[in-house]
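Asks: sharing a model that was predicted from the sequence below.
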Amino acid sequence: MLSTLNEAQQIAAKHIDGPLLILAGAGSGKTKTITTRLAYLISIGIDPSSILTLTFTNKAATEMRNRAFALISDISSPPLLATFHKFGLLFLKLNIDKLGRKNNFVIIDTDDKKKILKTIDKEITTSILASEISKFKNSLMSIEDAKQSSPDQYYTRLADIYEKYQNYLEENNLVDFDDLLLLTYHILDKFPELAKQTSQRYQYIMVDEYQDTNELQYKLLQKLCTTHKNLCVVGDDDQSIYGWRGATIKNILNFENNFENTKVIKLENNYRSTNKILQHANLLIEHNRDRIGKKLIGTRSEGNPIRLYESSDENEETRKIADDIKTLISQGVNPSQIAILFRVNALSRALEEGFNKARINYKLIGGMKFYERAEIKDLIAYFRVITNKNDNFSFKRIINKPKRGIGNATIQKVELEAHKEKTSIFSLIELYTPEQLASIVGKKNARTLKVFMASINDLQDTLQEAKMRFIDMFEETFDFKQSFEKAIDGADRIANIDEFYGYVRDFFMQNIDLNLEDFLNEISLESAQDEIEGGSVSMMSIHASKGLEYEHLFVIGLEEGFFPIVGDGSDLEEERRLGYVAFTRAKDQLTLSFVHSRFYKGRRTQLVKSQFLTESGLVKGSLSISKSTAFKKDDMVKHKIFGTGRVISATKAGKEFKLKINFNGTKRDILSNFVEKI
DNA sequence: TGGGTCACGGTTTTT
DNA sequence: CCGTGACCCA
């Protein structure tokens, strides 16, 4: 089992007890190493069910499971391989009652989150609110902490919105993605006995993509390690690309300090890419300051030089790439070994058009996901109401779909009444007599609502008694599909609906003991990579390409403003890491492309080529000086002694910044190297 | 209530 | 450019 590993990989795979940090460069056989370690642990007699492996995507979990199981013959009690969020979900299903909540909660996605926020505050953009609340949660700030974090009106307002939002979630028994981790943490924190038990249950913990964990995930891991220190993390600080989502590179940089007696193993041999590719990737990443420092060492041949495409606009760019791809395919290259990456999803449009014209089969990964389509979300909302009557949020989405004459005014009336009666809208309709209901919304609407309520209850019964008939019953009851018939894109939507019905039926067939609720939970945690399939050329964002590799890789949009994205809120070092991730996806041939102008947001913009081309030694030019991590007004920072605060002003002073920081109302002048950005 | 028109602003990245 | 939301009228 170990014989196919190199020396460093073997040491890592054979490490049993105590904290282990594997710094694994791109293409260094990271997955192979940890799956082998997983198999090794089992092979020496460790109870598989005491091993927990946490990954970033479902796909990674599945792949690791398959690979590990291929190494060992029969496993009676399998190890748990899951994403962090899935783990949280499983934990909450068993334990959320400890927080006084019911375990039929519903997971909401970002879209739902924004809709809720819109009803709370109409002025601040929902995407800002959503990410601010995420930041509060991911840095473990309670509502009280948030309220005191700054006297600035804007922040007290944010904290207020946070509170209302959280109340809304609790009233409707909803959890957002962050809650899956946060509530899990809260429970473990509040019940040390349970934390002990849980930790004892999972004696060996492995974490993949550790560089992309956030503070909350780190704290959670600490809880899981209360009774032991058998934590093995794998990551690459140079590939940390989720800072905007709260991931902190500090987790990996400080791992050795956080866990005593950590064994560190570096995997620097790259088995994926040609030397040429590695050489330029190394050159690029060396411009970063915040890194542990390592170099990828090639093990393959020198390889072809990296190609640089210069085009006047996106159409010319697409044409060149389409021509190349056609040639490759005619030479016998498997289309699934070809991919095009971009920093900004919007760039896929021109590609899609061009590929359609050129008749190239492609698959766009990420972007608008199947479950995000309006008609599918409607169905999900229906199913949620059927599984959980108290889900007002979903109820409101579907009460008038298909149209049954219930408008905003009516919804508001029943919602207000339900609020008064301290119950959900659905229960109100159930409890009130037709007369009572009519006195609020009128006779006609009262009738409609009662009929709707009865239909949902009937479907609930069907689900209990004959779940295979459920979908048919559902269609019979609501004529949902038909309501799309006259829409412009009706055929597409109906096709989507049929596909979705197929999924549900299939799920029921495959999982006789599972119900609709399980199905809903399952699909809410699917990720972009889960949709990858063979047989066609792939195009995706660089973020979505994490962990993947292709023989022939194109990276487009290497222009200032598109890649790297510059300006407010962007982090040049993270952009550079993205560049590094992008380059190192290529095995044999890497082609980089930039244009002179692009059509974007309704306008044509003139562009200059990316500084990354200079930095990676691909074009000659004056090297721009790389900026250190910049601090700016309103950043949240953490000080060892003063705790969490907000930056009031930042002025550059040599390499560092002079900061004025508000710590719970006390303003202090602090130099930036004494605080951490959070 | 529902259908229509019009102005506005925004996506960088996603479990 | 495109999707969303505000506003208006039947």
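Replies: Nice, thanks for sending it over.
Asks: could I get the buried residue list for the top strand by length along chain A?
Replies: When chain A is parsed with DSSP state E, its longest strand is strand A:586-600. Residues of strand A:586-600 classed as buried by neighbour count (16 or more other C-beta atoms under 10 Å): A:586-595, A:598, A:600. (C-beta placed from N, C-alpha, C; glycine too.)
Asks: A:Gln211 and A:Val233 touch, don't they?
Replies: No. Counting by C-beta atoms under 8 Å, A:Gln211 sits too far from A:Val233 to count as a contact (9.1 Å).
Asks: who's more crowded, those two?
Replies: A direct count of neighbours by other C-beta atoms under 10 Å for A:Gln211 and A:Val233 places A:Val233 higher, at 26 against 23.
Asks: how close does that one get to A:Phe255?
Replies: 6 Å (C-beta to C-beta, to the nearest Å).
Asks: who touches both of those two?
Replies: A:21, A:210 (C-beta atoms under 8 Å, 6 or more residues apart in numbering).
Asks: list residues touching both of A:Gln211 and A:Val233?
Replies: Residues touching both A:Gln211 and A:Val233 (C-beta under 8 Å, 6+ apart) are A:Ile252.
Asks: what are the ranges of the strands in the stretch 401-550 of chain A?
Replies: For the stretch 401-550 of chain A, the strands defined by DSSP state E, counting those that start in this stretch cover A:537-541, A:550-555.
Asks: would you format those strands as a markdown table with mean pLDDT, distance to DNA strand C and mean neighbour count included?
Replies: Converted to a markdown table, those look like this (pLDDT from 0 to 100; distance: least, C-beta to the nearest atom of the strand, whole Å; neighbours: other C-beta atoms under 10 Å):
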| stretch | mean pLDDT | distance to DNA strand C | mean neighbour count |
| --- | --- | --- | --- |
| strand A:537-541 | 90 | 18 | 24 |
| strand A:550-555 | 96 | 24 | 23 |
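Asks: in a markdown table, list those strands along with distance to A:Lys266.
Replies: Converted to a markdown table, those look like this (distance: least, C-beta to C-beta, whole Å):
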| stretch | distance to A:Lys266 |
| --- | --- |
| strand A:537-541 | 29 |
| strand A:550-555 | 25 |
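Asks: which of those strands sits closest to DNA strand B?
Replies: strand A:537-541 (4.0 Å; C-beta to the nearest atom of the strand).
Asks: which strand or helix spans A:Arg646?
Replies: strand A:643-653 (DSSP states H and E).
Asks: which residues touch A:Arg373?
Replies: Counting by C-beta under 8 Å, 6+ apart, A:Arg373 makes contact with A:493, A:496.
Asks: my guess is A:Phe642 contacts A:Phe663, does it?
Replies: Yes. Under the criterion of C-beta under 8 Å, A:Phe642 makes contact with A:Phe663 at 4.3 Å.
Asks: which one of the two is surrounded by more residues?
Replies: Using other C-beta under 10 Å as the criterion, A:Phe642 and A:Phe663 rank with A:Phe663 on top: 20 against 17.
Asks: burial check on the nearest residue to that one once chain neighbours are set aside, number of neighbours?
Replies: Sequence neighbours aside, A:Gly645 is the residue nearest to A:Phe663 in space, at 3.8 Å (criterion: C-beta to C-beta, 6 or more residues apart in numbering). Neighbour count for A:Gly645, taken as other C-beta under 10 Å: 26.
Asks: tell me who's in contact with A:Gly645.
Replies: Counting by C-beta under 8 Å, 6+ apart, A:Gly645 makes contact with A:149-150, A:636-639, A:661-664, A:668, A:675.
Asks: the longest helix along chain A close to DNA strand B?
Replies: In chain A, assigned by DSSP state H, the helix with the most residues is helix A:443-465. Yes. Applying C-beta under 7 Å from any atom of the strand, one finds helix A:443-465 touching DNA strand B at A:Asn445.
Asks: average pLDDT for that helix?
Replies: Mean pLDDT, helix A:443-465: 88.
Asks: the longest strand of chain A pairs with which strands, and in what direction?
Replies: strand A:307-313 (parallel), strand A:550-555 (parallel), strand A:603-606 (antiparallel) (DSSP bridges).
Asks: spell out the residue ranges of the helices in the stretch 151-300 of chain A.
Replies: Residue ranges of the helices in the stretch 151-300 of chain A, as given by DSSP state H, counting those that start in this stretch, are A:153-171, A:177-190, A:192-201, A:215-224, A:250-253, A:255-258, A:275-285.
Asks: in a markdown table: these, plus distance to A:Ser536.
Replies: Shown next, in a markdown table, are these (distance: least, C-beta to C-beta, whole Å):
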| stretch | distance to A:Ser536 |
| --- | --- |
| helix A:153-171 | 40 |
| helix A:177-190 | 30 |
| helix A:192-201 | 42 |
| helix A:215-224 | 34 |
| helix A:250-253 | 35 |
| helix A:255-258 | 39 |
| helix A:275-285 | 24 |
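Asks: deepest in the core, which of those is it.
Replies: With neighbours taken as mean count of other C-beta atoms under 10 Å, these reach their highest mean count in helix A:275-285, at a mean of 23.
Asks: give me the contacts around it.
Replies: Around helix A:275-285, the neighbours that count as contacts under C-beta under 8 Å, 6+ apart are A:26, A:238, A:270, A:273, A:291, A:295-298, A:300-306, A:576-577, A:579-580, A:583-584, A:586, A:590, A:612, A:615-618.
Asks: ok, now stretch A:162-181?
Replies: Contacts of stretch A:162-181 (C-beta under 8 Å, 6+ apart): A:84-85, A:88-89, A:92, A:101-102, A:104-110, A:112-113, A:116-117, A:120, A:129, A:132-134, A:136-138, A:143, A:146-147, A:183, A:216-217, A:220, A:388, A:390-393, A:424.
Asks: repeat that with 7 Å
Replies: Applying C-beta atoms under 7 Å, 6 or more residues apart in numbering, the external contacts of stretch A:162-181 come out as A:84-85, A:88-89, A:92, A:101-102, A:104-108, A:113, A:116-117, A:120, A:133-134, A:136-138, A:143, A:146, A:183, A:216-217, A:220, A:388, A:390-393.
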